[in-house]
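Peer 1: kindly generate the corresponding structure for this input.
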Amino acid sequence: MRLRSSILIGALCYSSRVAATPVAHTPASPYIHTLTRDVAIIGGGASGTYAAIKLRDAGRTVAIVEKTDYLGGHAVTYTDPISKRPADYGVIVLSNNSIVNSYLSRLNVPAAPVAFNGENAKYFDFKSGEINPYYLIPDPRDALRAYAAQLAKYPFLDTGFNLPYPVPEDLLITFGEFIEKYNLAGLSRIAFQWTQGFGDYLQVPTIYIMRYFNPRLLSGLTANTFISAGPYNISSLYTKAAKLLGEDVLYSSTVASTRRVPSADGYIKIILNTPKGKVLLRAKRILITIPPLVDDNFLNPFCPDSRETKIFKKFKHFNLWAAAVKDPAIPLGVSVLNVAPGNLTTPYGLAQMPAVYYFRTTPAPGIYATAYGTPAGMELRDEDVKGEIQAAMQRLRSGGDLNTTTTEPANIVAFNSHSPYELTVSPKEIKAGFYKDLYALQGYQNTWWSGAAFLAHDSSGLWQFTSDIVDRLVAGLR
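Peer 2: Numbers count the residues shown, from 1 in each chain. Take a look at the predicted model:
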């Protein structure tokens, strides 16, 4: 449960109207030590880690504040102790472009091409656990070509939400309406799989699906240009980054309070809770890469002012969890995908959320990647989601269409919450200039922003977006 105590936060925030007072570091200081850096980076996921490496390479000092005990965010890998083979179950593929290849080369991480042609998939109703004999896989080829033509109308989406005004109406209708309008039914299954985390994605404004299901993703699917880091071990990239950054990463740490108005010496004051005690972090700039939600777990310790709060409070989010499972009942090399029961009992036969999306093969024999998503606004505990995944595996066994002779149990071997996921606002807010106001916050109160809310959950795209933000941030540093 997230606390929302305005009294608590009020006690931790520093008024921007009060003159800054340098903190004397004496034996009586409440801080175990003081760090001084050019840039404080909040969050060590795809954006934060990339920013730290780029800033270090530019000769700037950094500190990453990361709440977990690892870098990488949604880039998680399980290594099977039997086969010793890695299995990515969060971020699985990357675009094969210059910024990705340059970053992998910088960290000396190998890559390999990935193709999704010829996946041996079987379509089950996960509610009954039975195979759905009525489900017909739509042929996506014509729809993908038609969708590519639609994407080409909006090249400004390639770099984020730099929208023209008035915003094109097609971007504001739901993606279900967009599919109907342009006869894209053949796209329905692929889009469902690749836009996981949007709940009922047919009800999501088209602009968000296009930002996620973008030209890079489309090229990866149609031209087989995806690559895998490691290969098939995305965590190796972040392990290399962690080694390079060393003590510049503060793991298992959170921001207790900040004062974003610089002291006379030009430094911002950030108080951190770390496993060993409170640390004072002095920085010239802050780069925030965590979800910008007005919440005690996210932005409240940064004391957002009325301008920032007015913008960020408009965000709504979905939730997504990822896991690696071991289930001997699923035949080796077979992916099991979730569809609705019967003959088109839902639009395009898509499974309704909340639900498990799939159990998909990985390079580790017998290990399957899975994901569980919810509609917007539905909050679940991690333990509840684990229970739902286990229940789905049990129903598939009970349905009688898998290898039900095995006596080995099905287990979740790794689990990761990606929540909150996919921050969105209403078409009304988009039309009224929400993203223009959001992007205008860059540099305001000595704070810069990156992360999925400013682009999409797309590591390849986020590295480019973050690179551009870091260039602008550095240009303003003395």
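
Peer 1: do you know how far D142 is from G186?
Peer 2: 6 Å (Cβ to Cβ, to the nearest Å). For the C-beta atoms, the positions are set from N, CA and C on the backbone; glycine is no exception.

Peer 1: and these two? Which one has more around it.
Peer 2: A direct count of neighbours by other Cβ atoms under 10 Å for D142 and G186 places G186 higher, at 21 against 13.

Peer 1: wait, the more buried one touches P140, no?
Peer 2: Yes: counting by Cβ atoms under 8 Å, G186 sits close enough to P140 to count as a contact (4.6 Å).

Peer 1: can you pull the contacts of D139?
Peer 2: Counting by Cβ atoms under 8 Å, 6 or more residues apart in numbering, D139 makes contact with G186.

Peer 1: tally of neighbours for N300?
Peer 2: 24.

Peer 1: for the stretch 301-450 of the chain, which segments count as strands?
Peer 2: For the stretch 301-450 of the chain, applying DSSP state E, counting those that start in this stretch gives strands covering 316-326, 335-338, 355-361, 367-374, 411-417, 421-424, 447-449.

Peer 1: out of the ones you listed, flag the one nearest A51.
Peer 2: Nearest to A51, of all the strands of the stretch 301-450 of the chain, is strand 447-449, at 8.9 Å by Cβ to Cβ.

Peer 1: what's in contact with that closest one?
Peer 2: With Cβ under 8 Å, 6+ apart, strand 447-449 has contacts from 260, 285-289, 292, 302, 441-442, 469, 472-473.

Peer 1: skip the chain neighbours and tell me the closest residue to A340.
Peer 2: T346 (4.1 Å; Cβ to Cβ, 6 or more residues apart in numbering).

Peer 1: what do you get for A63?
Peer 2: Here the residue nearest A63, using Cβ to Cβ, 6+ apart, is R37, at 4.6 Å.

Peer 1: got the contact list for the one you found?
Peer 2: Contact analysis of R37 by Cβ under 8 Å, 6+ apart lists T61, V62, A63, D248, L281, R282, A283, K284.

Peer 1: which intervals of the stretch 51-200 of the chain have sub-threshold pLDDT?
Peer 2: In the predicted model of the stretch 51-200 of the chain, residues 117-118 satisfy pLDDT under 70.

Peer 1: number of nearby residues for Q390?
Peer 2: Counted with other Cβ under 10 Å, the neighbours of Q390 add up to 16.

Peer 1: from N319, how far out is it?
Peer 2: Distance, Q390 to N319, using Cβ to Cβ: 18 Å.

Peer 1: list the buried residues of stretch 281-298.
Peer 2: Judged by neighbour count using 16 or more other Cβ atoms under 10 Å, the buried positions of stretch 281-298 are 281-296, 298.

Peer 1: so for D401, which of the strands of the stretch 301-450 of the chain sits nearest?
Peer 2: strand 335-338 (9.4 Å).

Peer 1: what secondary structure does S236 sit in?
Peer 2: helix (DSSP: H, G, I helix; E, B strand; the rest coil).

Peer 1: and for it, nearest residue in space, chain neighbours not counted?
Peer 2: Closest to S236 by Cβ to Cβ, 6+ apart is G230, at 4.6 Å.

Peer 1: ok, how many other residues are close to the one you found?
Peer 2: Considering only other Cβ under 10 Å, G230 is surrounded by 20 other residues.

Peer 1: any figure for the gap between it and Q196?
Peer 2: Separation of G230 from Q196 (Cβ to Cβ): 22 Å.

Peer 1: show me where the stretch 201-350 of the chain has its helices.
Peer 2: 206-212, 215-222, 235-245, 306-312 (DSSP state H, counting those that start in this stretch).

Peer 1: could you dump those to CSV with distance to Y50 and mean pLDDT?
Peer 2: Below are the helices of the stretch 201-350 of the chain laid out as CSV (distance: least, Cβ to Cβ, whole Å; pLDDT from 0 to 100):
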stretch, distance to Y50, mean pLDDT
helix 206-212, 19, 96
helix 215-222, 16, 90
helix 235-245, 8, 97
helix 306-312, 23, 98
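
Peer 1: now, of the ones you listed, which is deepest in the fold?
Peer 2: Mean neighbour counts were taken over the helices of the stretch 201-350 of the chain using mean count of other Cβ atoms under 10 Å, and the top value, a mean of 23, falls to helix 206-212.

Peer 1: for it, packing partners?
Peer 2: Packing partners of helix 206-212 (3 or more Cβ pairs under 8 Å, 6 or more residues apart in numbering; DSSP states H and E): helix 175-181, strand 421-424.
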